[in-house]
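Chemist: Please find the sequence and the predicted model below.
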Amino acid sequence: MKSKSILQYLLIVVAVFIGNAVCAQKYKILVFSKTAGYHHGSIAVGVPALQKMGIDNKFGVDTTTDAAQFSPQNLKKYAAVVFLNTTGDVLGDEQQKAFEQYIKAGGGFVGVHAATDTEYEWPWYGKLVGAYFVKHPAQQMADLHVINRKSISTKHLPATWSRKDEWYNFKEINPDLKVLIELDESTYSGGMNGAHHPMAWYHDYDGGRAFYTGLGHVDDSYTDPLFLKHLLGGIQYAMGQKRME
């Protein structure tokens with residue numbers, strides 16, 4: 001009788017393990033951090049932070065700087081792809097086609113900070129990420145205004161969020177974006193986007209889902225629970241795991 005109880009216990013443990021593995025496979029992300037321009041030092045702390053986020057929230061996380069991972073067959077494994085501080089021209093023509101097909105088939109995209117400093121000659125990508133980087137002033141404190149406090153990415157944030165980061169100015173801003181956070185240019189020096197300076201947004205695009213946050217330059221971002229929960233909400237939306245609102 002005792003042996004039977006032990007066997008039943010072991011079967012339950014195995015079932016839970018398999019269930020967790022299946023869950024992780026169903027929701028899995030690819031974190032891509034290739035740089036062909038400036039290399040952000042915070043990538044080194046951002047990658048393990050996203051790996052821990054996956055463990056804590058039961059989704060799989062693969063990481064790469066290899067553009068060859070952007071093949072139709074490989075991308076099928078992922079619910080979302082995260083461009084973590086990518087810069088410059090990071091994908092070849094065939095890899096771009098594969099990524100477009102992936103999004104059109106319902107895939108998800110998350111861009112972090114320098115993802116807008118990426119692929120300037122690929123207009124489709126520009127519309128996906130939502131804007132292109134122009135320039136930035138020196139890192140400094142500034143106020144962010146959370147204009148949508150109902151989303152899974154922002155509902156935990158204060159209405160006015162003060163923090164230090166590298167504040168991007170943008171060009172070619174997609175008018176279809178659903179803006180979550182704006183940057184108050186009156187609270188720092190060097191802003192160029194005016195009274196409505198978007199800093200985080202999301203939108204449905206070409207069959208898929210896209211989220212972007214301009215935060216994430218400084219190393220401290222990846223130990224900041226407010227930022228990490230903000231990013232987690234964007235990832236969950238992009239994966240199709242949760243609705244944004």
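Modeler: Received, thanks.

Chemist: For the rest of this, base every contact and every neighbour count on C-alpha atoms.
Modeler: OK.

Chemist: Relative to the longest strand along the chain, what are the paired strands and their orientations?
Modeler: In terms of residue count, the longest strand belonging to the chain (DSSP state E) is strand 197-205. Note on strand 197-205: by DSSP bridges, its sheet partners are strand 178-184 (antiparallel), strand 208-213 (antiparallel).

Chemist: Can you tell me which of those strands is most buried?
Modeler: Scoring these by mean neighbour count under mean count of other CA atoms under 10 Å gives strand 208-213 as the most buried, with a mean of 26.

Chemist: Quick check: next helix or strand after that one?
Modeler: Later in the chain than strand 208-213, the nearest helix or strand by DSSP states H and E is helix 225-239.

Chemist: who touches that following helix?
Modeler: For helix 225-239, the external contacting residues (CA atoms under 8 Å, 6 or more residues apart in numbering) are 27-29, 53, 79-80, 107-110, 151-154, 156-157, 202, 209-213, 215, 221-222, 242-244.

Chemist: Pull out the buried members of these.
Modeler: Buried subset of these (neighbour count, 16 or more other CA atoms under 10 Å): 27-29, 53, 79-80, 107-110, 151-154, 157, 202, 209-213, 215, 221-222, 244.

Chemist: And the strands in the chain, which stretches?
Modeler: Under the criterion DSSP E, the chain contains strands at 28-32, 60-64, 80-84, 108-112, 132-133, 140-146, 160-165, 170-171, 178-184, 197-205, 208-213.

Chemist: Columns mean pLDDT and distance to residue 73 on top of these, output as CSV?
Modeler: Formatted as CSV, the strands of the chain follow (pLDDT from 0 to 100; distance: least, CA to CA, whole Å):
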stretch, mean pLDDT, distance to residue 73
strand 28-32, 98, 13
strand 60-64, 98, 15
strand 80-84, 99, 14
strand 108-112, 99, 16
strand 132-133, 98, 29
strand 140-146, 98, 38
strand 160-165, 98, 37
strand 170-171, 98, 34
strand 178-184, 98, 31
strand 197-205, 98, 21
strand 208-213, 98, 17
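
Chemist: Turn the ones you listed into TSV, columns for distance to residue 42.
Modeler: TSV is the format used below for the strands of the chain (distance: least, CA to CA, whole Å):
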stretch	distance to residue 42
strand 28-32	14
strand 60-64	15
strand 80-84	9
strand 108-112	11
strand 132-133	18
strand 140-146	17
strand 160-165	12
strand 170-171	21
strand 178-184	21
strand 197-205	19
strand 208-213	15
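
Chemist: coming back round to it: what comes into contact with the longest strand of the chain?
Modeler: 103, 128, 169, 176-185, 209-215, 234.

Chemist: for it, which positions count as buried?
Modeler: Neighbour counts over strand 197-205 (16+ other CA under 10 Å) mark 197, 198, 199, 200, 201, 202, 203, 204, 205 as buried.

Chemist: Same check on stretch 236-245?
Modeler: Under the neighbour-count criterion of 16+ other CA under 10 Å, stretch 236-245 has 236, 237, 238, 239, 240, 244 buried.

Chemist: quick one on the thing from earlier: out of the strands paired with strand 197-205, flag the one nearest residue 94.
Modeler: Minimum separation from residue 94 across those (CA to CA) falls at strand 208-213, 19.2 Å.
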